[in-house]
Every structure is written in structure tokens, then in C-alpha cells.
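**Student:** sequence plus the predicted model coming up.
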Amino acid sequence: MSKQTSRAVRIHAVGGPEQLVIDTVSVGEPGPGQVRIRHHAVGLNFIDVYQRTGLYPFPLPLALGMEGAGVIEAVGEGVTHLKAGDRAAYAANPPGSYCDVRVMPAMNVCRLPDAIDFETGAAMMLKGLTAQYLLKRSRPVEGLEAGDFVLFHAAAGGVGLIACQWARSLGLQLIGTAGSDEKCALALEHGAAHAINYRTEDFAARVKDITNGQGVKVVYDSVGKDTFDKSLDCLRPFGLMVSFGNASGPVPPFAPGILASKGSIYVTRQTLFSHINSRERTQAMADDLFAVVEGGKVKVRIDQRFALIDVQAAHKSLEARATTGCTVLLP
Ligand SMILES: NC(=O)c1ccc[n+]([C@@H]2O[C@H](COP(=O)([O-])OP(=O)(O)OC[C@H]3O[C@@H](n4cnc5c(N)ncnc54)[C@H](OP(=O)(O)O)[C@@H]3O)[C@@H](O)[C@H]2O)c1
């Protein structure tokens, strides 16, 4: 029986990046349905910030991190899709990936194809599976076909650059927004058909121009408070507003009547964790992601690498909108 310990980044109180501390925790053997995985790289996600600040409340102390890649050290009873020695990657609950080694549920842990390195695996699971369900499983009632316009906010971020490339491969005309001209250039380079700097331009007016006054079939909005209202104005009649994040703050309550006056539009608030709620569904979505990455249609761009011990600096730059593409922490 191994009796090992691991460094784990935890918070003991909610608050700013200074709450992130490195603790030493004990790591046991995997129980039924669990695996023990030793990380080679860990993914940083905006959801980690929401958990740290308490926007998404959890009991404390809380070990942070929902994405990682590494090698399986041991599997518990009933786990048949993984074995010791396998390379693996995941996006999963409960949080706790910011560590060297952990025991966790096996359900969302997938074997990582040999052609995909650990850093890419750690960077792409949560963000890539999100792009997968947004583009393939969150559909407007009138359907979504090659040539259709969609609007994607924060297009130069982690989820954003993956979505730009995947949308291009589906033939969609993705209009991306981003917070600087450099970020807009990056979105265009990765497949956005148009890019709007929403710090300097009125994105709703630009969307109307680009679509000849028609509007888009879907808006994918992870920015939340700052963009929600104007995003509704970008939709065609019967269009779909997919709200999936709150980088600028949560969307305040609104009256459903506005959906009628804006063209009988639809609003949904999505989370990846409803989509990956079974082993079969997780694997099917992961296989779709692996195929576009292995086939070169989607390149996972890692623009920031931090040592695990520099996690506070990593959170600061993500929140300061100073990152592009994906960020990994290296144990
Ligand atoms: N619901 C789900 O299933 C799900 C899953 C994954 C991710 N998400 C959401 O998707 C978004 C992207 O996640 P990510 O991890 O890839 O992060 P990211 O896009 O790399 O970083 C967030 C980006 O949001 C933009 N932003 C706009 N206003 C902001 C503000 N006030 N503060 C900070 N950032 C602001 C910034 O880009 P600009 O400078 O270009 O504006 C920033 O770079 C996040 O909101 C996340 O919560 C949701």
C-alpha cells in the first residue's frame, strides 16, 4: 500500500489570488470507480477563478483545478477503460487538479492518444469539450449550417481560439469579439471570419453591418454582465443566446418579455458538466475533440506556462485579461 503525499493548491477562504496556497495532502489508494493519476500538466480555467472568489460556492478548504493530464498509477474496482501506465487527460469534478498526484472519479478521465502531448491534453479537455458542446450540442431551433453567422465573445481566449478553428472547420462564419486589436488579429488567424474589438467598437452595430442587418443565429457569451444585453440585439428572430460564463460578472435577472420583443429569441445557460454526465457521453465528446486535434483542424495554443508554485501569478494574469489561448501549470 502506498502512503504518498502531494502538493495541492488550495484555498482556506474565498478571495483574491493571495488565497491560493500550496498545502501538502495525503493521497491514498483509488476506491471503486476511481483512479490515481500523476499529473504532467494541469489546465488553468476561468471557472477556477469563480471558485476561488466564491461566485461558485464550495465547502472549504477547497483544492482547485478541473483539468489535467498525466499517467494513471492505479485503478479502483470496476474501472475498465483505464489501467496503470496509461496516458490520460480529463475535465472533471470535483475540483482538485492543481496538484502532483490525486485520487479522483474515473468517469471523465479519458485515455490520451499518443499523438497528443501532456501539455496539450491538460490545456484542451475542459476548453475543447466546451467548444464541442457549444458548436455541436447547443443548436438553434432553425438549425445551424455551413455559411451561417454566429457571434463568439472572448474569441482569443482558451475556449475562444479552439472555437474559432472548430467553427471554421464546420464552415460557420464566426464573428469573434476580443479586448484588443492584437487579440482580434489572433482570432482572425485562427479562423474567425470577422473580429470586433469590443472595447473600442459597438459590437451590436458591427454585427448588424457584417450580417446585412440580419443578425446571427447563435451568440456564445461567456463574458456575462457586460455583454448580455447587447448580445440579445445581435440575434436573428428565433436565434439562440448561449450564455456559458461570467468573466465580467454574473448576468442580472431579466424579464422574459424582452425575448419576445427581440424576435421570439431563445436563451439557455449551459455548463459542460451537464454534457459529460456519463462515461459514454464523455468518451464520445472526447473522441470528437481528439479527432479534430489529431487531424490538425484545431491546434491547441498554449501561450502561458507557469510552474505550479506560481499559481497566484497565473490567476492574476487570467483575471487581468492578459492571457491569450490556453494556460497550463506545470507540477
Ligand atoms: N459553462 C461552461 O461549460 C464553461 C466551460 C468552460 C469555460 N467557460 C467560460 O468560458 C469563458 C472562457 O474560459 P477560458 O478559461 O477559456 O478563459 P479565457 O477566455 O482564456 O479568459 C477569459 C477572457 O474573457 C474576457 N473578458 C471579458 N471581460 C472580462 C473581465 N471583466 N475580466 C476578465 N476577463 C474578461 C477576456 O478576453 P478579452 O480581453 O478578449 O475580452 C479574457 O481573456 C469563461 O467565462 C469561462 O467561465 C464556461
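**Tutor:** Perfect, I can see it now. Computed from a prediction, not measured in an experiment: that's the story for all the values here.
**Student:** neighbours around the residue of the stretch 201-331 of the chain at minimum distance from the ligand, how many?
**Tutor:** Closest to the ligand within the stretch 201-331 of the chain is Gly245: 2.6 Å, counting by CB to the nearest ligand atom. (C-beta placed from N, C-alpha, C; glycine too.) Neighbourhood size, Gly245 [other CB atoms under 10 Å]: 24.
**Student:** which residues does the residue nearest to it when sequence neighbours are not counted contact?
**Tutor:** Of all residues not flanking Gly245 in the chain, Ser222 sits nearest, at 3.0 Å (CB to CB, 6 or more residues apart in numbering). Remark: with contacts taken as CB atoms under 8 Å, 6 or more residues apart in numbering, Ser222 is in contact with Phe46, His153, Ala154, Gly157, Val159, Ser243, Phe244, Gly245, Asn246, Ala247.
**Student:** before we move on, what about Cys184?
**Tutor:** Cys184 sits next to Ala156, Gly176, Ala178, Ala195, Ile196, Asn197 when contact means CB under 8 Å, 6+ apart.
**Student:** and the lengthiest helix in the chain, what does it pack onto?
**Tutor:** The longest helix of the chain (DSSP state H) is helix 118-137. Applying 3 or more CB pairs under 8 Å, 6 or more residues apart in numbering; DSSP states H and E, one finds that helix 118-137 contacts strand 34-43, strand 67-75, strand 87-91, helix 158-169, helix 272-275, helix 279-294, strand 302-307, strand 326-330.
**Student:** okay, buried residues for it please.
**Tutor:** 118-135 (16 or more other CB atoms under 10 Å).
**Student:** that helix and the ligand in contact?
**Tutor:** Yes. Using CB under 6 Å from any ligand atom, helix 118-137 reaches the ligand at Leu126, Lys127, Thr130.
**Student:** and the gap between the second one and Lys230?
**Tutor:** Distance from Lys127 to Lys230, counting by CB to CB, to the nearest Å: 24 Å.
**Student:** now render the residues of helix 118-137 next to the ligand as JSON lines, adding pLDDT.
**Tutor:** Output for these, formatted as JSON lines (pLDDT from 0 to 100):
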{"residue": "Leu126", "pLDDT": "98"}
{"residue": "Lys127", "pLDDT": "98"}
{"residue": "Thr130", "pLDDT": "99"}
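**Student:** which one among these gets closest to the ligand?
**Tutor:** Of all the residues of helix 118-137 next to the ligand, Thr130 has the smallest distance to the ligand: 3.9 Å, by CB to the nearest ligand atom.
**Student:** correct me, but the closest one touches Val159?
**Tutor:** Yes. Judged on CB atoms under 8 Å, Thr130 makes contact with Val159 at a distance of 5.2 Å.
**Student:** that older thread, pick out the most distant pair among the contacts of Ser222.
**Tutor:** Across the contacts of Ser222, the longest distance by CB to CB is 15.8 Å; it joins Gly157 and Ser243.
**Student:** so those two - more neighbours on which side?
**Tutor:** Per other CB under 10 Å, whichever of Gly157 and Ser243 has more neighbours is Gly157, with 30 against 20.
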